[in-house]
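Engineer: need coordinates for the following:
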Amino acid sequence: MKKKFLQLLMVIGVLMITNTSKAQQLLLPAEADVWGEPQKINLTTGGTIQLRTKFIKHYGTTCVFEIEFTNLSTKAIKETCQLISNNSSGMYTHWATDLRLAVGEAAVYQMERRECKMNLKKSKQKDITKCADCAPAIFFLKK
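Structural biologist: Alright, predicted model coming up:
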């Protein structure tokens, strides 16, 4: 009985995460090691942030990005976010990033998007094509 109750709680938690989130497609640069165009995102908590994305590398099925977050709001921002694919329907909360920014503050986070198309070469690649096909998006949980 206790095991079934815990399973039910897990299912409800996954449904709540899936149904109480907002994903924003990232504006990617055309090449590696270059910042993409800035984009503004209005958060469900009332704040506004600006994002810029830089593609770093691709190895295996993992695409690595640096994402610059700038708080454009009049209050501090406390959010939880993660890179996902707009082609997927879930979020792995153990890969989530806690974003804490004071008014006007900017910070750069290195984030990974996993489960993209396989890079069969052993070396780290700077070709953004397969990572762009993965349709990376930033995913915010509602508070």
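
Engineer: chain neighbours aside, what residue packs nearest to the residue most central in space within the chain?
Structural biologist: Geometric centre of the chain, nearest residue: residue 83, 2.1 Å, by CA atoms, centre = their mean. In this structure, residue 83 finds its nearest non-sequential neighbour in residue 113, 4.4 Å apart by CB to CB, 6 or more residues apart in numbering. Just so you know, the C-beta spots here come from the backbone N, C-alpha and C atoms, and that holds for glycine as well.

Engineer: how about that neighbour, what does it touch?
Structural biologist: The contact partners of residue 113, by CB atoms under 8 Å, 6 or more residues apart in numbering, come to 62-63, 65, 83-85, 131, 134, 136.

Engineer: list the buried residues of the helix or strand that the residue nearest to the centre of the chain is a member of.
Structural biologist: Secondary structure assignment for residue 83, by DSSP states H and E: strand 77-85. Using 16 or more other CB atoms under 10 Å as the burial criterion, the residues of strand 77-85 that qualify are 77, 79-85.

Engineer: returning to that earlier point: tell me the bridge partners for the residue nearest to residue 83.
Structural biologist: Counting by DSSP bridges, residue 113 forms beta bridges with residue 63.

Engineer: cool, residue 137 as well?
Structural biologist: With DSSP bridges as the rule, residue 137 is bridged to residue 25, residue 84.
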